[in-house]
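1. output the structure for:
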Amino acid sequence: MFDNVKKGMSEANIQSGFMEAITKKNILGDDYKAVSSPNRSDPSDASRQKPDAGVYPTSTAPTDERTHWATKRLSIEFKKEPTQDDPFDDDKDDKDKDKDNVDNDDPFNLFEATALKRQANRGQIIHSASEIFLRQHRCFLYSVIVLGTSARIIRWDRSGALVTTKFNYKEEPETICEFLWYFGRMSSKDQGYDPSVVPVTKGSDDYNLMDTKATEELPRDKDGNENVREYVRKYFERSLVDGWQRYKVEVPLNEDNEETYAKVYGRGAGNFPTTNADEKTGTFLICKPHFSAFGFVGRGTRGYVAIDCATRDFVFLKDAWRVDMPDIEREGDVLQTLNDTGVRNIPTVLCHGDILAQRTVTQDFSHHDSESWLSQRSGQFKPHRHYRLVEKEVGQALEDFCGSRDLVLIVVDCLYAHSDAVEKAGILHRDISAGNLLMIKEKRRDGVIQYRGLLNDWELSKKIPVVDPPEDGPRSTARQPDRTGTWLFLSAASLNDKYKQMVLQDDLESFFHVLLYMAIRYLPSNCPDVENFIERFFEGAGITAGEYVCGEAKMSAMENGVIRINAARQQLRFYLPDEDSSNDTASPPDLPAYATAFSHETIRVRLAHPINDIFSTLLLWFSAYYEERRLEEEGRMCNENPFDVSTVQNSSTAEADDGYDSDPEVLDTDSDSETNEAKLPAEANLQHTKFAKKLSSHKFMKQLLRIVRKKLPNDDKVDVRAAQAEISTRRDHVVIPARPARTQGSSKRDYPEPGPEVDVPPLKRLRTSQAELLFPGIELPFSGSRHPAQPSGSNVAPSSLTRGVYTKAGPSKNRGSTRGSKGYSGRG
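-> Numbers count the residues shown, from 1 in each chain. Alright, predicted model coming up:
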């Protein structure tokens, strides 16, 4: 059948011969068509990825020779060489499995090929799968990679991927032909599509409603001022993008949701809005995600500004694949508890629930016993279940703050939400990050418009464990075998010990990192290269005993109480907006490069920013806390509890600090961190305890931020990174050194960059039969006991492939892109 494909042919000729053969035999049937698109990318894809071919419905098959991610049913990639281009290696673990010195549970003993070219090819097919998961509403998907005269079939879901052993399709044409024959006759559900999502067709009532809601300005107030929720409409308008399919999605409505709707919309509990009364599901209209987590392994969270079909109001819809393990509560259940207990500054849950019976299956092919998986090394295949949550509020990103006064206000509001959750519900958030602190624009009774902070994303929250529980009482145990959270903002202590039980101080430190992250990006400072600082301090990591640990810059700052910005050990300082002053002398040492680049004759005199008081004070407290931890671990502490809070309210006691009167000792510290660093080691343990105590509750941190906020301006925000990038191009002015370029043969560091999600499984090979998995519930029209899609002696290998493209050291996972060999890239 594939006589036109011969060994040694070019990739283009292999593709031409293969596609001609399956088209001539009409393998896919009349409903589907195989289309080549090796040279033109999807016009809406910023990465400009050009997958070789795909299978599309005949009615929507592309005619422009471009890839169209929104409608592609099956991705097909072609490579020339059966071995050199193969992303996987069937023989690798066979060679090693009987060796005494090889740990078969070692995550670095992979069945994925390690040659750079083969890693790049693996990254390419990962990117294609990730793009389809992003654009479409999938429970799983299939793809095919053709390697000369050989091929593999892959099944992807949010837990990992199942990969067949390599087979020769010229010698066994029935394997690939029968797979494609079945695929062309499968239902959309069996192809991996989510039946709770229906495409919205152009010209329909729903389509027209979306256009109307996107373009009609919300009613202004009596004074003609813009509606405070106008930004939400603009968010929705920006989501209606050409190349992105519009959808109507279902979310379960249960008895709890009835009560919520009654409170929110003022209806009786039995009259809540629903568009499907028999099954009690609400429906919502969406298009392009407001934000999304690129990649295919993990929760795959997508957030949408949506229209509630029952009320026609804008709401926020979160679609995710939650980790389906015992003792892990659904986010909506946590939020409902927090709403019911009166926690301030959190979202209002409208409805939520698991979607049908949609669950990943890759983990079921793992040999690890589910009862003992926590005792294994981290990175097991985690089961995930499809879940949706709808919230009333649609928040703005924290980076949209106007100035440092608003920034600190948002952080304070979220601190109140965090303290309420701890005190009223006994729940710790455990994922404080810049993306989870939102802003809500509100109008006060006096007509003044102001922002309010909203602490979002309680998915990783957990009940605070009972201290010294009775013998028969509950004890806190790890729910997952690795750290969870956002790498950039996790505390140094939790990054250094992935098994560490997170405590209040870890979340308070994350608030500190969020504030610092926003300040370094948007407030003037003496940092000459903000991009490099972010990479070192927030993204930085080291490797100890094969495990990721905290980067040196963050660890040093938290232990020593000083943030260094360069090799000269210069201390980070922030400044108020510029004041011009004529001066023929050189710039003072602390003056950043970008402050002098605009004029040869004038320098900008910088006044110290009041926000320095926040950072220097908190650094003192955290360095004392880390010193207490160190002494405690070394056994040099006295027998008495170093965190005795007899004179300070602890986190389980209500804090009467709603006023703005400060504790006289909140700022009882030298604001010069240089002094702190020199002084702390020489202080008695009692002084460490004094400062460390201030982190045993929210009280002092809230007071500190409230006090300093009064002195902060609200017109000091600048895009520092953009300014530095602009100045670096002015050759006649000061040029800020760029980061060294990374080449294929070298790396700035010998480990992959950690990214937004750090619960990355290892890449293992596990053997099993794939017949029932590939075609569940399909009657076989062929005779014989062997499944036609299963070549004799074949196996599948679930591979929990990481998000993104592989670099020479492993998977690259960073906040902005997925960098790898040959430039394949994606969104973090």
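
2. show me where the protein dips below the pLDDT cut-off.
-> 92-110, 254-279, 367-380, 466-483, 578-605, 635-685, 723-828 (pLDDT under 70).

3. which secondary structure elements does the longest helix along the chain contact?
-> When the chain is parsed with DSSP state H, its longest helix is helix 611-633. Under the contact criterion of 3 or more C-beta pairs under 8 Å, 6 or more residues apart in numbering; DSSP states H and E, helix 611-633 touches helix 404-420, helix 492-496, helix 504-522, helix 552-560, helix 673-679, helix 685-692, helix 699-709. Quick note: C-beta positions are derived from backbone N, CA and C, even for glycine.

4. any chance of the ones you listed in CSV with mean neighbour count and distance to Arg66 as columns?
-> Formatted as CSV, those follow (neighbours: other C-beta atoms under 10 Å; distance: least, C-beta to C-beta, whole Å):
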stretch, mean neighbour count, distance to Arg66
helix 404-420, 24, 42
helix 492-496, 21, 43
helix 504-522, 22, 36
helix 552-560, 19, 44
helix 673-679, 17, 55
helix 685-692, 18, 60
helix 699-709, 22, 51
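
5. what's the burial count for the residue nearest to Arg135 when sequence neighbours are not counted?
-> Leaving aside its chain neighbours, Arg135 sits nearest to Trp69 (4.2 Å; criterion: C-beta to C-beta, 6 or more residues apart in numbering). When neighbours are defined as other C-beta atoms under 10 Å, Trp69 has 24 of them.

6. next one: Trp69 from Ile427, what distance?
-> 39 Å (C-beta to C-beta, to the nearest Å).

7. quick one on the thing from earlier: now tabulate the helices and strands packed on helix 611-633 in a markdown table and tack on distance to Tyr182.
-> As requested, the helices and strands packed on helix 611-633 are exported to a markdown table (distance: least, C-beta to C-beta, whole Å):
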| stretch | distance to Tyr182 |
| --- | --- |
| helix 404-420 | 51 |
| helix 492-496 | 47 |
| helix 504-522 | 49 |
| helix 552-560 | 52 |
| helix 673-679 | 66 |
| helix 685-692 | 64 |
| helix 699-709 | 60 |
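
8. among the ones you listed, which is nearest Thr165?
-> helix 492-496 (38.4 Å; C-beta to C-beta).

9. and Trp321, that's in a strand?
-> Yes - counting by DSSP: H, G, I helix; E, B strand; the rest coil, one finds Trp321 located in a strand.

10. re earlier: can you tell me the SS state at the residue nearest to Arg135?
-> coil.

11. surely it touches Glu131?
-> Yes - counting by C-beta atoms under 8 Å, Glu131 is a contact partner of Trp69 at 5.1 Å.

12. intersection of neighbour lists for the two?
-> Asp45 (C-beta atoms under 8 Å, 6 or more residues apart in numbering).

13. got phi/psi on the residue nearest to Arg135?
-> As for Trp69, its main-chain torsions (degrees, to the nearest 10) stand at phi -60, psi -30.

14. kindly report the same for Ser41.
-> phi -90, psi 170.

15. from Thr71, how far off is it?
-> 15 Å.

16. ok, the residue nearest to Arg135 to Leu141 distance?
-> 12 Å.

17. do the same with Lys699
-> In terms of C-beta to C-beta, Lys699 sits 50 Å off from Leu141.

18. that'll do, ta.
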